[in-house]
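Student: What follows is a protein structure lacking sequence information:
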């Protein structure tokens, strides 16, 4: 599996390009912008088909480029958790208006996701893990031994909970759910550098451990 990381948009949210090498099936995870750099990376000869535009949540800095990306790749399926799907068409819910931006590039989801959904992905699969707390519809995507956590879990930190729909207790439970997963995983967060689940289990001081 090939993973490319491109910080995009006004707050440099991480856009991930995930390529299943054997089949060439590709998923784009979050799109804070759709610029020449992203489109150039998506012209990679190893990419045979862009299957999905996966959204970890509905905040504008992660979805601002989705409508334009869909124009370039109309067969790619936009997928977002049920609770955050309304953000794709609402400037207030996406927080765009609150940050002084007018989010006019509205778009509809092709796939409404729920916890436990499995999406076929070449010779692999994508598991949807509902991880609310930063938003009500936050989702983590598990592909092989990788977790794409959006704004749920960061390197030595966790997501903000002071926006509408946020809750520290709910987010803490979501992070603990990830920590309780068996095995080791590489964590690809919505901002900043990648990390590992085991490192965060040991060092992340923003998580309140329960019954440990």
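Tutor: Sure thing, it's come through. For clarity, every value in this text was computed on a predicted model and none was experimentally measured.
Student: Could you use CA atoms for every contact and neighbour count after this?
Tutor: Will do.
Student: how about the helices in this protein?
Tutor: For the chain, the helices defined by DSSP state H cover 36-41, 60-63, 66-72, 168-179, 197-203.
Student: just checking, which of these sits deepest inside the structure?
Tutor: Among the helices of the chain, ranked by average contacts under mean count of other CA atoms under 10 Å, first place goes to helix 60-63 (a mean of 28).
Student: Can you name every helix or strand that that helix contacts?
Tutor: The contact analysis (3 or more CA pairs under 8 Å, 6 or more residues apart in numbering; DSSP states H and E) places helix 60-63 against strand 13-19.
Student: what about the helices of the chain, which gets the closest to residue 87?
Tutor: helix 60-63 (8.2 Å; CA to CA).
Student: who's in contact with the residue nearest in space to the middle of the chain?
Tutor: By CA atoms, centre = their mean, the chain has its centre lying nearest to residue 56, at 2.9 Å. Going by CA atoms under 8 Å, 6 or more residues apart in numbering, residue 56 touches 29-30, 62, 80-81, 138-141, 148-151.
Student: To be precise, which single item in those residues has the lowest pLDDT?
Tutor: Among the contacts of residue 56, residue 62 carries the lowest pLDDT, at 95.
Student: isn't that one right next to residue 16, touching?
Tutor: No - between residue 62 and residue 16 there is no contact under CA atoms under 8 Å: 10.9 Å.
Student: Overlap in contacts, the two.
Tutor: Joint contacts of residue 62 and residue 16 (CA under 8 Å, 6+ apart) are residue 30.
Student: follow-up on the earlier one: what distance do you get for the residue nearest to the centre of the chain to residue 48?
Tutor: Distance, residue 56 to residue 48, using CA to CA, to the nearest Å: 23 Å.
Student: which residues of the protein fall in strands?
Tutor: Applying DSSP state E to the chain gives strands spanning 2-8, 13-19, 25-29, 49-54, 77-81, 111-113, 118-121, 124-130, 139-143, 146-150, 153-154, 157-158, 186-189, 195-196.
Student: Now residue 132. Its backbone dihedrals?
Tutor: With angles defined as degrees, to the nearest 10, residue 132 sits at phi -70, psi 170.
Student: which non-adjacent residue is nearest it?
Tutor: Spatially, and ignoring its direct neighbours in sequence, residue 132 is nearest to residue 138 (4.6 Å; CA to CA, 6 or more residues apart in numbering).
Student: So the one you found is in contact with residue 81, correct?
Tutor: Yes - in this structure, residue 138 is within contact of residue 81 by CA under 8 Å, at 6.9 Å.
Student: Kindly state the pLDDT recorded for the nearest residue to residue 125 once chain neighbours are set aside?
Tutor: Excluding the flanking residues, the one nearest residue 125 by CA to CA, 6+ apart is residue 119, at 5.7 Å. In this model, residue 119 is scored at 98, pLDDT.
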